[in-house]
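Participant: sharing a sequence plus its predicted fold:
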Amino acid sequence: MHYTRLGRTGLKVSRIALGCMSYGDASTGLHRWTLDEEAAAPLFRQAVELGVTFWDTANVYQGGTSEEYVGRAITRFARREDIVLATKVSGKMHDGPGGSGLSRKAILEQVDASLRRLGTDYIDVYYVHRFDDETPVEETMTALDDLVRGGKVRYLGASSMGAWQFAKMQHAAALAGGTTFAAMEDQYNVLKREEERDMIPLCLDQGVGLTPYSPLAKGRAARPWGQQTARSSTDAVAKSFDREDADKPVVEAVQSIAENRGVPMAQVALAWVLSKPVVACPIVGATKPKHLDDAVAAIDVKLTDEEVATLEQPYTAQDNYWW
């Protein structure tokens, strides 16, 4: 495993992060394809053995059960001090005023709930999951800064929002002399590159590290065009991102390079993401051992300039997406 700094911070993170949305009680929450705790356990163990020490979850993943699985896995397979633990706030956990959003009440209530589920007394990277246009950014950033100063959180991150919204939140924190965001978790992969317009230049300018989710385009870039998996055939969220006419040439380019190199498509698609200087660690949602093996192997796949051009040339622009 290789390690790098998260943006301009001193925090060292593994170049591959474990995406824990894949783990949780399938009878609760948004997804029905997630792994239960028994099925997820070998993947947590494998992550530790491979040196994948950045683990990313969220309070809303499968009704909080993902956080519970993650917390118990850390106790079972690792030491808390060896794991960079990330979770998120803003999604709806209940109907009360503290059940969603980025108000002071919601942030303070939800961080304590996450800490209880995770079985820890601090979170390494605490992300705001989405922008809250009903709460003043000054209120949000002051509450988050209080968590850092109080020791419940070490670093702050944001996820999936407009660049202007991210800049507004950063500016509010800076004006108040508070803690700014160190990480941006957005969707970025060979099929989804709209972040290159504004968000990535902003992050490069401000020293914010990208921890992109869906680096394999929800698996679309990891298998030949037309192949289906249990997730791809049932996941309504994944299906909503499909653009057959636009995406097919890019997937075929990934396949061609992978065949020429004699490596799996997943390694080529991840190598492309890892080649971008702004990226600290792509978040890989592994449901099979091979997924983690390929992700770690991708670190050593160095694409040529010609291969990068081949992957990028077929891309066509699309509407922005913040989820």
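Facilitator: Arrived safely, thanks for sending. Computed from a predicted model, the values in this text were never measured in an experiment.
Participant: okay, CA-based contacts and neighbour counts for the rest of this
Facilitator: Fine.
Participant: in this protein, which spans are strands?
Facilitator: Ranges of strands within the chain are 3-5, 12-14, 17-19, 54-56, 84-89, 123-128, 153-159, 181-185, 209-210, 283-284, based on DSSP state E.
Participant: what about the helices in the stretch 201-323 of the chain?
Facilitator: Assigned by DSSP state H, counting those that start in this stretch, the helices in the stretch 201-323 of the chain fall at 230-234, 236-239, 244-261, 265-274, 289-298, 305-312.
Participant: comparing the ones you listed, which comes out most buried?
Facilitator: Among the helices of the stretch 201-323 of the chain, the stretch with the highest mean neighbour count (mean count of other CA atoms under 10 Å) is helix 265-274, at a mean of 26.
Participant: helices or strands up against it?
Facilitator: The contact analysis (3 or more CA pairs under 8 Å, 6 or more residues apart in numbering; DSSP states H and E) places helix 265-274 against helix 244-261, helix 289-298.
Participant: worst average pLDDT in those?
Facilitator: Summarising mean pLDDT across the helices and strands packed on helix 265-274, the least confident stretch is helix 244-261, with a mean of 94.
Participant: relative to residue 207, how far out is the one residue sitting closest to the centre of the chain?
Facilitator: With the centre of the chain defined as its mean C-alpha position, the nearest residue by CA atoms, centre = their mean is residue 213, 3.6 Å away. When distance is defined by CA to CA, to the nearest Å, residue 213 is 19 Å away from residue 207.
Participant: OK, contacts around residue 70?
Facilitator: Residues near residue 70 by CA atoms under 8 Å, 6 or more residues apart in numbering: 20, 57, 118.
Participant: output the helices and strands packed on helix 265-274 in CSV; the columns should cover distance to residue 11.
Facilitator: What follows is the helices and strands packed on helix 265-274, written out as CSV (distance: least, CA to CA, whole Å):
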stretch, distance to residue 11
helix 244-261, 32
helix 289-298, 20
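Participant: so for residue 30, which of these sits nearest?
Facilitator: If you check each of the helices and strands packed on helix 265-274 against residue 30 by CA to CA, helix 289-298 wins as the nearest, at 22.1 Å.
Participant: could you give the angle of that closest one to helix 265-274?
Facilitator: Taking axes from the mean of the first three to the mean of the last three CA atoms, to 10 degrees, one finds helix 289-298 and helix 265-274 inclined to each other by 40 degrees.
Participant: ok now helix 289-298, how far from the chain's centre?
Facilitator: 16 Å (CA atoms, centre = their mean, to the nearest Å).
Participant: with the contacts of residue 70 in mind, which one is nearest to residue 136?
Facilitator: After measuring those against residue 136 - CA to CA - the closest member comes out as residue 57, at 25.4 Å.
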